[in-house]
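Q: No sequence on hand, only this structure:
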């Protein structure tokens, strides 16, 4: 039981560190994970306690982060891209396959508000990788079936990431992800 509780505590701490789920969502996902992983449904009290502890520890840690984190920079870049007609989503979907399918719903919704040139996103697995390694891979694409437009979207994304101070690069072709290196994952929580 002690090993299971340690794993549960680690799962919750990681979700808190990712910074995208609310406390309620973390409790739900951790309880679902524990039920499936351990075939037990009696861990809800521990899930709630571990979530509260992890959130308190995270909030105490973030006091010393300084005025701007790399996650703040990501937020700024993604907001600017969204405003420029490149649909930008963070921690979007579970994987590339689902993300490339689901992003079109986001593109269609954005097109109702104004012109859209392309999209960029990173999914849950990329978030996890960024936390563990400091490398964030981003998927992207273009609304038009035009190589010049595709290049323009890719270069715009990289330029915006660099503008906010992130170490972004791109291989310049459709098969290469946009990569941010040296990312220190510190996502603020209220």
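A: The structure has been received and is ready for your questions. Keep in mind the model is a prediction, meaning the values are calculated, not measured.
Q: got a list of contacts for the helix or strand hosting residue 47?
A: For residue 47, the enclosing helix or strand under DSSP states H and E is helix 44-62. Residues from elsewhere that reach helix 44-62 (CB atoms under 8 Å, 6 or more residues apart in numbering): 5, 8-9, 12-13, 16-17, 23, 26-27, 30-31, 34, 186, 188-189. Every C-beta, even on glycine, is put in place using the N, C-alpha and C of the backbone.
Q: And those, which of them are buried?
A: Among the contacts of helix 44-62, those classed as buried by neighbour count (16 or more other CB atoms under 10 Å) are 8, 9, 12, 13, 16, 17, 26, 27, 30, 31, 34, 186.
Q: Excluding covalently adjacent residues, which one is nearest to the last one?
A: Right, the one you point to is residue 186. residue 69 (4.0 Å; CB to CB, 6 or more residues apart in numbering).
Q: same deal with the first one?
A: The shortest distance from residue 8 to any non-neighbouring residue, by CB to CB, 6+ apart, is to residue 34 (5.5 Å).
Q: Tell me how far residue 121 lies from residue 92.
A: 4 Å (CB to CB, to the nearest Å).
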